[in-house]
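Student: just coords:
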């Protein structure tokens, strides 16, 4: 049975890249999560008034890759000590968030964050939020698999 994980870690194009070719990941899609506006557009989210984060929803096969392995990729693909930014991209839509779907995901996320904190993996305190998943609003079609369709990066 397939499972779903949802992460926000800055520009969703780069985050999607980090997960899309991983063995056991069945599919990815980018969108908006954690806000208070229904059917937000990219323009809405960039105007800082929806409360959403740019996020990636990952469908995966837990028999091929564990949630803990996905967490490891999450922690490695961005700087979880930067509040409301990643590299040159700034604003609450770029915040670091683990949106958990189950109690087990919540417990695993907390344990992985606490382990990183206790081993001082990062020089500064981790500011990643760990919150229940809310409605995931799929981003516009041109954002899906953006780097596969276009060249370039998120700026860092």
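Tutor: Structure's in. What do you need? What you see is a predicted model; the values in this text were computed from it and never measured.
Student: can you give me the helices for the chain?
Tutor: 12-20, 42-46, 67-76, 103-118, 146-149 (DSSP state H).
Student: redo those helices as CSV? Include distance to residue 82.
Tutor: For the C-beta atoms, the positions are set from N, CA and C on the backbone; glycine is no exception. Listed next are these as CSV, based on distance: least, C-beta to C-beta, whole Å:
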stretch, distance to residue 82
helix 12-20, 14
helix 42-46, 18
helix 67-76, 13
helix 103-118, 15
helix 146-149, 21
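Student: from the ones you listed, which stretch is densest packed?
Tutor: Most buried of these by mean neighbour count (mean count of other C-beta atoms under 10 Å) is helix 12-20; its value is a mean of 22.
Student: coming back round to it: so which of the helices of the chain gets nearest residue 5?
Tutor: Of all those, helix 67-76 sits nearest to residue 5, with 5.2 Å by C-beta to C-beta.
Student: hmm, who's touching the closest one?
Tutor: By C-beta atoms under 8 Å, 6 or more residues apart in numbering, the residues outside helix 67-76 that reach it are 3, 5, 7, 9, 18-19, 22, 24-25, 58, 60, 98, 104-105, 108-109, 112, 116, 121.
Student: run through this protein and note the low-pLDDT ranges.
Tutor: Residues of the chain meeting the criterion pLDDT under 70: 146-147, 151-156.
Student: same thing but at 90, please
Tutor: 11-14, 46-49, 87-89, 139-156 (pLDDT under 90).
Student: quick one: the strands in it, in order.
Tutor: 3-9, 25-33, 53-60, 85-86, 89-90, 96-100, 129-132, 137-138 (DSSP state E).
Student: what are the contacting residues of the first one?
Tutor: What it means is strand 3-9. For strand 3-9, using C-beta under 8 Å, 6+ apart, the contacting residues are 15, 33-34, 53-62, 67, 70, 74, 77-78, 80, 86, 94-99, 101, 105, 133, 136.
Student: now the longest one
Tutor: Strand 25-33 is touched from outside by 2, 6, 8, 12-13, 15-16, 19-20, 40, 45, 50, 52-61, 65, 70, 93, 97, 99, 133-139, 143-146, with contacts defined as C-beta under 8 Å, 6+ apart.
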